[in-house]
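In: can't give you the sequence, but here's the structure:
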């Protein structure tokens, strides 16, 4: 088998082509958003929202409505609940986040346990991109397009908020509104990624690309480009790995991202551990 045949073989099946398009779109959108989450220290928020949508997904299956609708309602609901707890108590943000997302995740598990015939817990938790159809692809592209367009339009304001919130407030930016917009986009992104990667692993798409890009550059524009490129590479590599190695697609994508992070951690030109060790040895 030559290299062209090897590369083309998986896409002789329509469901593989569809899976690639969905995974690629979800990975790129998550990767771009991950840059702001990493810089603002909101990684736990991505984890919280991804888990908090479980009861919405379960209820959607039970009621026969699109799962994205229920997931979006509970995702946005989690954002408001966390914000409400932080505003009305003296609890710190991570504490309020932990209380809300564990309670909603437990509610989702309880609902799934009561309706096992209607809901496949494995598909919810780990995704089922190989079973996705044109409707799911349209959903991912639509929600992903809205998220990308919004963050690119507000790029300067969001970046200033991430790097210097005090200065952002001083020049008249409404930090509360920008935070709410970013959290809403985070909820949209989680919903768009559920089909491809599932509730459990979507948090990796929302953290790892941005963290890897942060190790490779200190310029935010480059960081966005690197993160999006890493997301695209991991999506394509994950699809091939899932086909030829018979692995879960979501797991293959996340493992690819983990390997890319490890490579950056070890060999990044500026902050790589091995590179720094060699630099010190040469200096000595």
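Out: The structure has been received and is ready for your questions. Just so we're clear, the structure is a prediction, and the values are computed from it rather than from any experiment.

In: quick one: contacts for residue 109?
Out: Applying CB atoms under 8 Å, 6 or more residues apart in numbering to residue 109 gives the contacts residue 54. No exception for glycine: its C-beta is placed from N, CA and C like everyone else's.

In: which secondary structure element contains it?
Out: In this assignment (DSSP states H and E), residue 109 forms part of helix 93-114.

In: just the mean pLDDT for that helix, thanks.
Out: The predicted model assigns helix 93-114 a mean pLDDT of 86.

In: cool, stretch 49-67 as well?
Out: pLDDT averaged over stretch 49-67 gives 83.

In: and the closest residue to residue 245 other than its chain neighbours, how many neighbours does it have?
Out: In space, residue 245 comes closest to residue 252 once its chain neighbours are excluded; the distance is 7.4 Å by CB to CB, 6 or more residues apart in numbering. When neighbours are defined as other CB atoms under 10 Å, residue 252 has 23 of them.

In: which residues touch the residue nearest to the spatial centre of the chain?
Out: The chain has residue 206 as the residue nearest its centroid, 3.1 Å off, counting by CA atoms, centre = their mean. Contact partners of residue 206, counting by CB under 8 Å, 6+ apart, are 30, 33, 34, 37, 43, 46, 47, 50, 186, 189, 190.

In: in a markdown table: those residues, plus distance to residue 174.
Out: As requested, the contacts of residue 206 are exported to a markdown table (distance: CB to CB, whole Å):
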| residue | distance to residue 174 |
| --- | --- |
| 30 | 26 |
| 33 | 20 |
| 34 | 24 |
| 37 | 20 |
| 43 | 24 |
| 46 | 23 |
| 47 | 26 |
| 50 | 27 |
| 186 | 18 |
| 189 | 22 |
| 190 | 24 |
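
In: sorry, back to before: does the residue nearest to residue 245 touch residue 235 like I think?
Out: No - when contacts are counted by CB atoms under 8 Å, residue 252 is not listed as touching residue 235 (9.6 Å).

In: quick one: mean pLDDT for stretch 219-227?
Out: 93.

In: please apply the same query to stretch 176-194.
Out: 86.

In: any buried residues in it, and which?
Out: By 16 or more other CB atoms under 10 Å, the buried positions in stretch 176-194 come out as 178-179, 181-194.

In: quick one: which of these sit in helices?
Out: Using DSSP state H, the members of these that fall within helices are 178-179, 181-194.

In: which one among these gets closest to residue 161?
Out: Nearest to residue 161 among those is residue 178, at 5.3 Å by CB to CB.

In: check which helix or strand covers the closest residue in space to that closest one that isn't next to it in sequence.
Out: Excluding the flanking residues, the one nearest residue 178 by CB to CB, 6+ apart is residue 161, at 5.3 Å. Element membership of residue 161 [criterion: DSSP H and E] is helix 155-163.

In: and the helix or strand just after that helix, what does it pack against?
Out: Per DSSP H and E, helix 155-163 leads on to helix 165-170 as the next helix or strand towards the C-terminus. Counting contacts by 3 or more CB pairs under 8 Å, 6 or more residues apart in numbering; DSSP states H and E, helix 165-170 packs against helix 155-163, helix 175-205.
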